[in-house]
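Student: structure of the sequence below:
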Amino acid sequence: MSEQPSPRDATEAALSSECWDAVLSYADLCTAGTAAARELAAEAFALGLREVRAADAGASRGRRTPRLPAIPLMLTAVRTTAAAWEAGGLGHRLDPDLRLWLNS
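Tutor: Below you'll find the predicted structure:
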């Protein structure tokens, strides 16, 4: 089921190894098809990775930045990305029940 993106560095490789299957499985539940699931998973993974890197950058400047463990953070990114799809006119690619929930 997984066509995971190629990691660019050690951080991305570790997160990919730990989280990709869960991200893709959750994206599959959120979408109306396999192609949409892969696209949602890739976008969500990129969002989650940006959040991890932002938190790490803040920590390197001496700031304490709260961060979820990797898998919950990445699954939250899937939901956030799905909501952005709905808001941005790509809702037809999402599961109908998820669309109802997003709009409730």
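
Student: which helix is the longest one in the protein?
Tutor: In the chain, assigned by DSSP state H, the helix with the most residues is helix 34-60.

Student: now do it: which elements does it pack against?
Tutor: If you count contacts as 3 or more Cβ pairs under 8 Å, 6 or more residues apart in numbering; DSSP states H and E, helix 34-60 packs onto helix 10-30, helix 70-87. For every residue, glycine as well, the C-beta is placed using N, CA and C.

Student: tell me which of those helices lies nearest to residue 97.
Tutor: In terms of Cβ to Cβ, the element of these nearest to residue 97 is helix 10-30, at 9.5 Å.

Student: next, the angle helix 70-87 makes with the closest one.
Tutor: Relative orientation of helix 10-30 versus helix 70-87 (axes from the mean of the first three to the mean of the last three Cα atoms, to 10 degrees): 50 degrees.

Student: tell me where the model's unsure across this protein.
Tutor: Residue ranges of the chain with pLDDT under 70: 1-6, 58-68.
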